[in-house]
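[1] sequence unknown, structure follows:
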């Protein structure tokens, strides 16, 4: 019998985690995360693999299949108007968390947490640990998916995959989701993913955002590359291929 998944937690009454705001916030957060950031060798190894980038579209579509994420992005993100800026912002965050010093991680975390404080509406909050957990889970699952199917033979082995999961949880911690609110090991994570995927519901918000991401109006010069991106994404996540169909304006 598989290990039961951890239920998605609800947003806390006080959504401001350590270091979210105030004088000395970055220093407080750096101290809070220091131990967790000390051990990132496997996280860095995965992050340095170009193959992992192929899973970006897969992870994004999985994120958008959660109605809370899709609605938050649809109502608060400016991706359609600034696609490259938003992409580079996300990449910067992930690179800093993987390779930066505790002080650098704390600074970018405080910035992101501050932005998320204003992201709230009916049925969602940027500081909801359940949504933070899901967003990071799609990144972890996609990285493992790519490594297991397209990586070098024999990698990752069971021990490396387990260690990658353990280390990658820090991304959600940096966003504000505590370690104890996340599945404790890889088996629990797999069970959590199965439960979540079974409960996902793609709505109009998800389709709208997916169209803006996969057919960005302001990046027509990159049309050949984007066509390849859409094909790769469809191949990696066939169940969401219908999101790739461009809707009439």
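    Looks like it arrived, so ask away. Fair warning: this is a prediction, and the values are worked out from it, not measured in the lab. Residues are numbered from 1 along each chain as shown.
[2] Buried residues of the biggest helix by length in the chain, list them for me.
    Secondary structure assigned by DSSP state H gives helix 129-150 as the longest helix of the chain. Buried residues in helix 129-150, counted by 16 or more other C-beta atoms under 10 Å: 129-147. (C-beta placed from N, C-alpha, C; glycine too.)
[3] residue ranges for the strands of the protein, please.
    Applying DSSP state E to the chain gives strands spanning 120-121, 124-125.
[4] for those strands, which one sits closest to residue 48?
    The stretch from these with the least distance to residue 48 (C-beta to C-beta) is strand 124-125; that distance is 32.9 Å.
[5] coming back round to it: most packed of the strands of the chain?
    For the strands of the chain, the largest average neighbour count (mean count of other C-beta atoms under 10 Å) is found in strand 124-125, namely a mean of 20.
[6] burial count for the closest residue to residue 112 other than its chain neighbours?
    Sequence neighbours aside, residue 93 is the residue nearest to residue 112 in space, at 6.2 Å (criterion: C-beta to C-beta, 6 or more residues apart in numbering). Using other C-beta atoms under 10 Å, residue 93 has 19 other residues around it.
[7] repeat for residue 190
    17.
[8] swap in the one 4 residues further on?
    A count of nearby residues for residue 194, using other C-beta under 10 Å, gives 12.
[9] Could you verify my assumption that residue 161 touches residue 143?
    No: between residue 161 and residue 143 there is no contact under C-beta atoms under 8 Å: 9.7 Å.
[10] tell me what the lowest-mean-pLDDT helix or strand in the chain is packed against?
    Here the helix or strand of the chain ranked lowest by mean pLDDT, DSSP states H and E is helix 25-37, holding a mean of 80. If contacts are counted by 3 or more C-beta pairs under 8 Å, 6 or more residues apart in numbering; DSSP states H and E, helix 25-37 sits against helix 102-117, helix 158-175.
[11] which one of those helices has the lowest average pLDDT?
    If you rank these by mean pLDDT, helix 102-117 sits at the bottom with a mean of 90.
[12] picking that back up, how about the strands of the chain in JSON lines, adding mean pLDDT and distance to residue 211?
    Output for the strands of the chain, formatted as JSON lines (pLDDT from 0 to 100; distance: least, C-beta to C-beta, whole Å):
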{"stretch": "strand 120-121", "mean pLDDT": "89", "distance to residue 211": "21"}
{"stretch": "strand 124-125", "mean pLDDT": "90", "distance to residue 211": "20"}
